[in-house]
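Student: need a 3D model of the sequence below.
(10 chains)
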10 protein chains.
Amino acid sequence: MSTQPSKALESFPNPAAERDYEIRFEAPEFTCLCPRTGQPDFATIRIRYTPADLCVELKSLKLYLWSFRDEGHFHEAVTNRILDDLVALLSPRKLSVEGDFLVRGGIHTVVEVQYP
Amino acid sequence: MSTQPSKALESFPNPAAERDYEIRFEAPEFTCLCPRTGQPDFATIRIRYTPADLCVELKSLKLYLWSFRDEGHFHEAVTNRILDDLVALLSPRKLSVEGDFLVRGGIHTVVEVQYP
Amino acid sequence: MSTQPSKALESFPNPAAERDYEIRFEAPEFTCLCPRTGQPDFATIRIRYTPADLCVELKSLKLYLWSFRDEGHFHEAVTNRILDDLVALLSPRKLSVEGDFLVRGGIHTVVEVQYP
Amino acid sequence: MSTQPSKALESFPNPAAERDYEIRFEAPEFTCLCPRTGQPDFATIRIRYTPADLCVELKSLKLYLWSFRDEGHFHEAVTNRILDDLVALLSPRKLSVEGDFLVRGGIHTVVEVQYP
Amino acid sequence: MSTQPSKALESFPNPAAERDYEIRFEAPEFTCLCPRTGQPDFATIRIRYTPADLCVELKSLKLYLWSFRDEGHFHEAVTNRILDDLVALLSPRKLSVEGDFLVRGGIHTVVEVQYP
Amino acid sequence: MSTQPSKALESFPNPAAERDYEIRFEAPEFTCLCPRTGQPDFATIRIRYTPADLCVELKSLKLYLWSFRDEGHFHEAVTNRILDDLVALLSPRKLSVEGDFLVRGGIHTVVEVQYP
Amino acid sequence: MSTQPSKALESFPNPAAERDYEIRFEAPEFTCLCPRTGQPDFATIRIRYTPADLCVELKSLKLYLWSFRDEGHFHEAVTNRILDDLVALLSPRKLSVEGDFLVRGGIHTVVEVQYP
Amino acid sequence: MSTQPSKALESFPNPAAERDYEIRFEAPEFTCLCPRTGQPDFATIRIRYTPADLCVELKSLKLYLWSFRDEGHFHEAVTNRILDDLVALLSPRKLSVEGDFLVRGGIHTVVEVQYP
Amino acid sequence: MSTQPSKALESFPNPAAERDYEIRFEAPEFTCLCPRTGQPDFATIRIRYTPADLCVELKSLKLYLWSFRDEGHFHEAVTNRILDDLVALLSPRKLSVEGDFLVRGGIHTVVEVQYP
Amino acid sequence: MSTQPSKALESFPNPAAERDYEIRFEAPEFTCLCPRTGQPDFATIRIRYTPADLCVELKSLKLYLWSFRDEGHFHEAVTNRILDDLVALLSPRKLSVEGDFLVRGGIHTVVEVQYP
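Tutor: All right, here's what the predicted structure looks like:
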C-alpha cells in the first residue's frame, strides 16, 4: 500500500459479518479548496457505518481523505461524494458522513448525509 | 453578487437532489433592534434543512442575516420571518430555524420554528 | 407596565399562530423562601412552550418570577404553580416548567412539570 | 425529625397529584463499605420519579442515604435496595435510581434501575 | 482469585434477577497490539448490559481486559471478541461493548457492538 | 445561634494560628436590591483569607450574606462592605472579596477587593 | 439619562476611594463596521480597572458601547479608543481593555491595551 | 501492610533525592464527621510536595485518609492535621494540603495550607 | 492585494504607537507537509505581539499562512520561520509564535518561540 | 530507524540554536508495570524543553516511551528516569517531565521533575 494521496480505498473482510454493529471515524485533518475562490477550506469528517461483508481499511481511508487536498469541492458536494465512494466500496448496511466545516463569512456549516 | 446587506437570498442546484440529507448553519453574528425600545438585540441563528432541488448560497445568507441589523423585530416574529423567507426560496423537504437571543431582564430566550 | 414584582403576567398575540413552534426561557434569577424554615431557596426556572393564540410578554415574566421572592413555597408546589399560571394565561398547545434548585442537605433537586 | 442516620424515609402529600410530573435528586455524598474487603466505596446517587399520592421528604432522604455509611453493600445490590425502599414508601408512577460509583481497579461502574 | 491477566471471567448471581436494570462499566486502561505492525494500541472500553441470572465480577473483568495486553487484535475484531466472551459468560438480556481507540493516522476510531 | 438573617458574624479561634494558610468560600446564593430601581440583583460572593487569631464561623457567614436580601446596595459598595465587616471581625493577615454579579444591560460585572 | 446610543460616558464617586480594588466588565454585545469593507464586526469587550475618585456608571457604559454600532473602526484602533475614553473620564489608577473579535479569514483576533 | 484504616503512614526512600521535584496527589474519597452535628462531611484532598529523603507510600496514604471516616474534625483543623502528619513523616522540602469540601449552607469551602 | 497564497506579508501604521499593547491571533487553518514523508501536517498557529511602528495586516497574514500549504517543513523549523518573517516585517517590541500540531505517533507537539 | 520499542533516543540539530524557545510533547499512550504487583499502570507523559544544540526526534521518542511497556517502575522513579535519559541525550537548556498516572486506590498521582 502506497503512502501517496489516493482515491483507491481498500477494504478487508468484516470479522463479525453475522452481526449488526457500528464503526465510527472522526478525521479532523480534512482540507480541500473552494471551487469558486481557490482558497483552502478545512473540515472534520465524521463517518459512521454498519458493515456488511467488508470494512474500510484505516490507512487507505487516511490516504483517501488526503487526496482531496488539491481539489476544488463545494461543502454539499464533497460530503455526498465521500458517502458515494464509501458506499460503492463497502455496500454497507448503513453509512453516514458528516462534514463539519470551519467558519466562512461568520457562519459555521455542517453537512450530514445518510445511506440508505 | 454585492457585499451590501440584502434580503435577496440566492440559491444553487442541490448537487445530490436524489437523496435526503441535512445542511446545518450556525451564525453567531446576528443583531437587530428591539421594536419597542430601539435598543440592539443579539442572537445566534441556527438553521438546519433538508434540501429538495435548491440549496441556499452561503454568501447571500450572510448578507441576508446582516440585512436585519437596522430593523426592529420581536424575537418570536424575526425567527418565523427567517423561516418563511428560506422556505419561499428553497421549497425544502424540511427546515428549522432557532433564534438564540442574549439575556434581557435576566432571562435567556430561544425561539425554534420548524417546517413543515 | 410597572417595574414592581407582580403576579400579573401579560400576553401579546402570537405573530405566527398558524404554526407550531417552540419558545424557551431560562431564568437563573429565581429565589423564594422555604415554607418550613423561612430560609431563602434559589433556582433556575426553565420554561418551554408552544404558543396557541398568545405569547407571554418578557418583562411581565421577569416581574412575575420576582414576585415569589418573599413568599414561602415548596419546590414541588412552586414549579407546578408557575405552570398553572402560565397555562391559565396562555392556553398554550404545550408548556413545561423545570425548577432547578441549588443544593440543600447535599442534594440537588430538579422538578419538571409538563402540560398537557 | 431526628438528624441521625435512619432508614425511616418520610413522605408528604403530592401537591399536584392530578398531574404526571418528574422530580429528580442528585446526591454526590453517598458512601458505604465493600462487603468483601470492608473498604469504603463512594458514589453519586441519582433518583428520578413521577409521584402518585406521595413525595419523599428531602431531609429524610438525606438521613436515609447517610444510613448506608457503615454497611457493606455490593454496587448492584445497594442500587436495587434504594429503589425498593423508595417504591415501598411512595408507590410512585415511575421511579429510577442510578448509582454512579468511583473508580475501582481502573473501572468506573454505573448501575441504573427502573420501576416499573 | 489470581491477580494475573486471565481470560477466565467470573460471575456472581444477579441480586435482582426479577427486574430489568442496567450496569455500565468504563475502562480507560485497555491496550493491545496492532496485528499488522506489532505497535501498541490504546482504547477505552465501555460495556453496558442488562443481567439475566448472572453479573460479571469486577476484579475478573479487570484481569480479563489486562489479558489482551500482549496480543495482536484489529479494532473491529477485539470489540466483537469482548462482546462474545461476555455473552458466553452471562447470557445477558442485553449487552453492548464500545471500543474507543486513540488516534492513528489522524483518525479517531470507535467500534460499537450490541447483543442481541 | 439564630437562623434568622443577621449582620452578626461570629468567629472561633484559629486552630493553627502559628501558620499562614488560606481559607476560601464561594457562595452563589447572594441577592440584594438595586438602590436605584429596587429590582433584585444576584451574585456569587467569593471570599479568601489568611486567618490571624480568628476564623469566621460558616453558619453565621451564611446568615450574614442572607441579611443583604432586602437591602439596596451598589455592586461596588456592597463588595467593599463585606470586606470591611470581615476585616473588622477577624483582623486577618490577608482577605479578599469578589462579587460576581449576573448580567445587567448585556454586561457582566465583577468587583474584587483586597485587604491590606 | 437617555436610552439612545451615546459617547457621553457618566461617572459616580468611588464608594471606597481610599482603597485599591478592581472592577471588571465583560460585554459580549459589541458590534461596529469594518472601515475597509463596511461589513459588520462583532466582539466581546472586557474592561478591568482600579478606580481612583470615579467609577463608570453601568448604563452609560452600555450606551457608549452601543454608540459604535454604525461607525467604521479597525480592531486595533477601536480597542485603544475605548481605553482612551475611559481613561479621560475616570483618571483611574489602572485600566485595561480587551477586544476579542469573532473570526475573519479563519483568524481569531484579540487586542489588549493597558493603562498606564 | 494492613488494609484497615490507619494513621500509620509509611514512607520509602526518595529515588531521586539529589533533585528537587514535585509529587501531587488528588484524593476525592475523603469523608469525616462534623464535630458539632455529627453529620458526615465530604472533601477532595489535594497534596503536593517536594520530597527530601523520603516519599509517602501510596497505599498507606489511602488507609490514612480512610482513618478519618469516623472522626469529628473541623475543615480548618483537619486540613492542618494532614499537613502536620505528612511533614512529621517526610520532613519534605515543601508540602501543601488543600481540603476542598462539598457545599454546606449554600457555601463551598476550600482550605489550603503550606509548609514551610 | 491578491487572494493567492503569498509570503508577502503587509503592514500598516500602528494606530497607537505611543503605547505598549498586545495583539493576539489564533489561526486553526494551518497545514504544511512533512519534509521526510511528504504527508500533510496540521496545526493551529497562535501569534501574540506588541507592535512598535507597524501592525501586520490581517488578510495578508491569512495568505501568508496559506503559502505553507505545499511546502515541507519540520515543526520546530516552521514555527521559528514564522517568527523570523514577522519580526523582519514589523520590528515589534515583543512577539511570540506558538505552533500547536495535531497528533503524530500518539504524541501531541507544541513549539513556542519568543522574540526578543 | 526501527519500529521496535527501544531506549535508543535519537536527536537532530536544533534548527534555531541561537534562540531560546520551548518544545512541548504530550504522550497519553504510556504504560508500564507496577514493580510490586506486576499490574499495568497507565500515564500521560508531558515533556517540555528548551533545546540547546539538539532536538529529540519524534519517532524515536515514541519508541522510547513504548520501551517501558514490559518493565516494572515506580511512578517517582520512571518520571525521573525519562528526564535523565532526555537530559543525557540533549544537554538541553531546560527540560521538565510530568508523569500523570491514572487512579490507583482512589488517588490520582502526578510527578513533575525539572532540569536544571
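Student: my guess is residue A:86 contacts residue A:10. True?
Tutor: No. With contact defined as C-beta atoms under 8 Å, residue A:86 does not reach residue A:10; the gap is 11.9 Å. C-beta: built from backbone N, CA, C; applies to glycine.
Student: overlap in contacts, those two.
Tutor: Common neighbours of residue A:86 and residue A:10, using C-beta atoms under 8 Å, 6 or more residues apart in numbering or on different chains, are residue A:56.
Student: between these two, who's got more neighbours?
Tutor: Neighbour tally, residue A:86 and residue A:10, criterion other C-beta atoms under 10 Å in any protein chain shown: the higher count belongs to residue A:86, 22 against 17.
Student: ok, and the closest non-adjacent residue to that one?
Tutor: Closest residue to residue A:86 apart from its sequence neighbours, by C-beta to C-beta, 6 or more residues apart in numbering or on different chains: residue A:95 at 5.8 Å.
Student: which residues does the closest residue to chain G within chain A contact?
Tutor: Residue nearest to chain G within chain A: residue A:103 (4.8 Å; C-beta to the nearest C-beta). Under the criterion of C-beta under 8 Å, 6+ apart, the neighbours of residue A:103 are G:103, G:106.
Student: quick check: mean pLDDT of whichever strand or helix holds it?
Tutor: Assigned by DSSP states H and E, residue A:103 belongs to strand A:94-104. Averaging pLDDT along strand A:94-104 yields 97.
Student: ditto for stretch A:74-91
Tutor: Stretch A:74-91 carries an average pLDDT of 97.
Student: list the buried residues for that stretch?
Tutor: A:74-83, A:86-87, A:89-90 (16 or more other C-beta atoms under 10 Å in any protein chain shown).
Student: packing partners for the top strand by length along chain A?
Tutor: Assignment by DSSP state E gives strand A:21-33 as the longest strand of chain A. Helices and strands touching strand A:21-33, as assessed by 3 or more C-beta pairs under 8 Å, 6 or more residues apart in numbering or on different chains; DSSP states H and E, comprise strand A:40-50, helix A:58-66, helix E:75-90, strand E:107-115, strand I:40-50.
Student: could you find the closest non-adjacent residue to the residue nearest to the spatial centre of chain A?
Tutor: Chain A has residue A:82 as the residue nearest its centroid, 4.3 Å off, counting by C-alpha atoms, centre = their mean. Spatially, and ignoring its direct neighbours in sequence, residue A:82 is nearest to residue A:97 (4.9 Å; C-beta to C-beta, 6+ apart).
Student: that neighbour bridge partners, please.
Tutor: Beta-bridge partners for residue A:97, by DSSP bridges, are residue A:47, residue A:113.
Student: for it, give its distance to residue E:76.
Tutor: To residue E:76, residue A:97 is 19 Å away according to C-beta to C-beta, to the nearest Å.
Student: ditto for residue A:114
Tutor: To residue E:76, residue A:114 is 21 Å away according to C-beta to C-beta.
Student: with residue A:12 instead?
Tutor: 9 Å.
Student: got it, and residue A:53?
Tutor: Remark: distance between residue A:53 and residue E:76 (C-beta to C-beta) = 13 Å.
Student: same check, this time on residue A:86
Tutor: Counting by C-beta to C-beta - residue A:86 and residue E:76 are separated by 15 Å.
Student: likewise for residue A:93?
Tutor: Distance, residue A:93 to residue E:76, by C-beta to C-beta: 14 Å.
Student: could you do residue A:106 as well?
Tutor: Counting by C-beta to C-beta, the gap from residue A:106 to residue E:76 is 41 Å.
Student: can you check residue A:20 too?
Tutor: Remark: distance between residue A:20 and residue E:76 (C-beta to C-beta) = 13 Å.
Student: among the buried residues of stretch A:74-91, which one sits closest to residue G:44?
Tutor: Proximity of the buried residues of stretch A:74-91 to residue G:44 was ranked by C-beta to C-beta; the top entry is residue A:75 with 27.9 Å.
Student: rewinding a little: now render the buried residues of stretch A:74-91 as a markdown table, adding distance to residue J:69.
Tutor: Formatted as a markdown table, the buried residues of stretch A:74-91 follow (distance: C-beta to C-beta, whole Å):
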| residue | distance to residue J:69 |
| --- | --- |
| A:74 | 46 |
| A:75 | 43 |
| A:76 | 46 |
| A:77 | 45 |
| A:78 | 40 |
| A:79 | 40 |
| A:80 | 43 |
| A:81 | 41 |
| A:82 | 36 |
| A:83 | 39 |
| A:86 | 35 |
| A:87 | 39 |
| A:89 | 35 |
| A:90 | 34 |
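Student: nearest to residue G:39, out of the residues you listed: which one, please.
Tutor: Nearest member of those to residue G:39, counting by C-beta to C-beta, is residue A:75, at 21.4 Å.
Student: hmm, that closest one is touching residue A:111, no?
Tutor: Yes. Counting by C-beta under 8 Å, residue A:111 is a contact partner of residue A:75 at 5.4 Å.
Student: which residues do those two both contact?
Tutor: Between them, residue A:75 and residue A:111 share the contacting residues A:99, A:101, B:23, judged by C-beta under 8 Å, 6+ apart.
Student: most neighbours among those, which one?
Tutor: Counting neighbours by other C-beta under 10 Å, residue A:99 leads those with 27 neighbours.
Student: dump the residue contacts of it.
Tutor: Residue A:99 neighbours (C-beta under 8 Å, 6+ apart): A:30, A:43, A:44, A:45, A:75, A:78, A:79, A:82, A:110, A:111, A:112.
Student: and for residue A:26?
Tutor: Residue A:26 is in contact with A:44, A:45, A:46, E:107, E:108, counting by C-beta under 8 Å, 6+ apart.
Student: okay if I get these as TSV plus distance to residue F:62?
Tutor: Shown next, in TSV, are those (distance: C-beta to C-beta, whole Å):
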residue	distance to residue F:62
A:44	47
A:45	53
A:46	48
E:107	52
E:108	47
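Student: picking up where we left off before, find residues that contact each of residue A:12 and residue E:76.
Tutor: residue A:55.
Student: before we move on, back to that, mind listing what's buried in the strand holding residue A:103?
Tutor: For strand A:94-104, burial by neighbour count (16+ other C-beta under 10 Å) applies to A:95, A:96, A:97, A:98, A:99, A:100, A:101, A:102, A:103, A:104.
Student: returning to what we had before: quick one: which of the contacts of residue A:26 is most hemmed in?
Tutor: Neighbour-wise, these (other C-beta under 10 Å) top out at residue A:45, 22 neighbours.
Student: dump the residue contacts of that residue.
Tutor: Residues in contact with residue A:45 (C-beta under 8 Å, 6+ apart) are A:25, A:26, A:27, A:30, A:65, A:79, A:82, A:97, A:98, A:99, A:100.
Student: what do you get if the cut-off is 6 Å, keeping everything else the same?
Tutor: With contacts defined as C-beta atoms under 6 Å, 6 or more residues apart in numbering or on different chains, the neighbours of residue A:45 are A:27, A:30, A:99.
Student: how close does it get to residue E:101?
Tutor: According to C-beta to C-beta, residue A:45 and residue E:101 sit 17 Å apart.
Student: with residue A:3 instead?
Tutor: Distance, residue A:3 to residue E:101, using C-beta to C-beta: 21 Å.
Student: how about residue A:112?
Tutor: Distance of residue A:112 to residue E:101, computed by C-beta to C-beta: 23 Å.
Student: skip the chain neighbours and tell me the closest residue to residue A:28.
Tutor: Leaving out its chain neighbours, the residue that sits closest to residue A:28 by C-beta to C-beta, 6+ apart is residue A:44, at 4.4 Å.
Student: is it true that the one you found touches residue A:98?
Tutor: No. Counting by C-beta atoms under 6 Å, residue A:44 sits too far from residue A:98 to count as a contact (8.1 Å).
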